[in-house]
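Participant: The following block contains a protein sequence and its predicted model.
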Amino acid sequence: MFSNVKASLQAKADLITKSLHQDNGDVFVDAMCKQIRAKYFDKHGNKKKLKKTNTDLFRVHDSGDLFSPRYIAAWIRICEAFPTIRFWFPTREWKRDAQLPHLQKLASLKNVCIKPSAIYVDEPAPQVDGLDAGTSVYTSKAKAEQDGHFVCPATYVKGEDGKVLATCQAHNCNLCFIKGCKKGIAYLAH
Ligand code: SF4
């Protein structure tokens with residue numbers, strides 16, 4: 001990982017930890033809401049049209065997870081503040097019994113998809129009560145399909161240059177954001 005990316009992730013993690021301890025997440029919620037508002041909405045409060053970002057959708061966590069009830073509660077506040085955006089959270093925290101009721105509470109919001117991730121490669125996507133259909137990483141498309149998954153096109157469909165078209169927009173796909181989707185999704189390992 002580039003050192004500037006690492007430093008920025010660390011700064012974000014520090015802000016979250018400090019805020020959760022000192023003000024029950026208020027500073028974090030405020031910072032996140034400001035960030036989303038600035039990126040997704042114009043000064044009149046209308047959704048922006050952006051080339052690289054679908055402003056109806058927000059994927060949460062490039063790294064990290066929903067690690068504590070307080071952090072999950074902070075995200076409930078953020079998601080409630082943006083009812084016109086659909087949020088998708090991948091998580092492995094469903095494995096922790098104490099965490100599950102908090103995840104289910106977040107998943108109960110109409111604009112939130114909580115997708116439990118499989119722990120091991122080539123393991124079927126988990127189905128967990130109160131959460132949306134899960135996801136998994138597979139080493140073989142055939143095996144993933146045999147196990148009943150939709151295989152994410154952004155992990156294998158190539159463009160004219162022979163490179164994988166690795167964005168959801170390239171495939172006009174938003175399955176990971178569809179609440180109530182019952183089909184497990186498999187990402188192909190490269
Ligand atoms: S399944 Fe669709 S929405 Fe999910 S990551 Fe792949 S392309 Fe994006």
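Facilitator: All right, it came through fine. Residues are numbered from 1 along each chain as shown.
Participant: What's the separation between K51 and I85?
Facilitator: For K51, the distance to I85 equals 18 Å [C-beta to C-beta, to the nearest Å]. For glycine as for every other residue, the C-beta is placed from the backbone atoms N, C-alpha and C.
Participant: Looking at the two now, which is surrounded by more residues?
Facilitator: Remark: of K51 and I85, I85 carries more neighbours, 20 against 5, as counted by other C-beta atoms under 10 Å.
Participant: Can you tell me the closest non-neighbouring residue to that one?
Facilitator: F58 (5.2 Å; C-beta to C-beta, 6 or more residues apart in numbering).
Participant: And the average pLDDT for the helix or strand where F87 lies is what?
Facilitator: Element membership for F87 (DSSP states H and E) is strand 86-91. Strand 86-91 shows a mean pLDDT of 96.
Participant: Show me what it packs onto, helices and strands only.
Facilitator: Secondary-structure packing of strand 86-91 (3 or more C-beta pairs under 8 Å, 6 or more residues apart in numbering; DSSP states H and E): strand 57-59, helix 69-81, strand 112-116.
Participant: can we see that at 7 Å?
Facilitator: The contact analysis (3 or more C-beta pairs under 7 Å, 6 or more residues apart in numbering; DSSP states H and E) places strand 86-91 against strand 57-59, strand 112-116.
Participant: returning to what we had before: wait, the residue nearest to I85 touches T84, no?
Facilitator: No - if you go by C-beta atoms under 7 Å, F58 and T84 don't touch, sitting 10.7 Å apart.
Participant: what about these two, which has more around it?
Facilitator: Legend: neighbour count by other C-beta under 10 Å for F58 and T84, higher for F58 (21 against 10).
Participant: need the residues of this structure near the ligand, please.
Facilitator: Counting by C-beta under 6 Å from any ligand atom, the chain comes close to the ligand at C152, P153, A154, C168, H171, C173, N174, L175, C176, I185.
Participant: For K115, which residues are in contact?
Facilitator: Counting by C-beta atoms under 7 Å, 6 or more residues apart in numbering, K115 makes contact with W88, F89, P90, D132, A133, G134, T135, C176.
Participant: how about these in CSV, adding neighbour count?
Facilitator: Shown next, in CSV, are the contacts of K115 (neighbours: other C-beta atoms under 10 Å):
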residue, neighbour count
W88, 22
F89, 26
P90, 19
D132, 23
A133, 22
G134, 24
T135, 22
C176, 23
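Participant: Tell me which two in these are the farthest apart.
Facilitator: Farthest-apart pair in the contacts of K115 is F89 and A133; separation 13.3 Å (C-beta to C-beta).
Participant: that older thread, pick the most buried one from the helices and strands packed on strand 86-91.
Facilitator: Mean neighbours per residue, mean count of other C-beta atoms under 10 Å, is largest over those for strand 112-116, with a mean of 25.
Participant: Return the residues in contact with the residue nearest to T167 when sequence neighbours are not counted.
Facilitator: Using C-beta to C-beta, 6+ apart and skipping residues adjacent in sequence, the residue nearest T167 is A154, 6.0 Å away. A154 makes contact with L165, A166, T167, C168, A170, H171, according to C-beta under 7 Å, 6+ apart.
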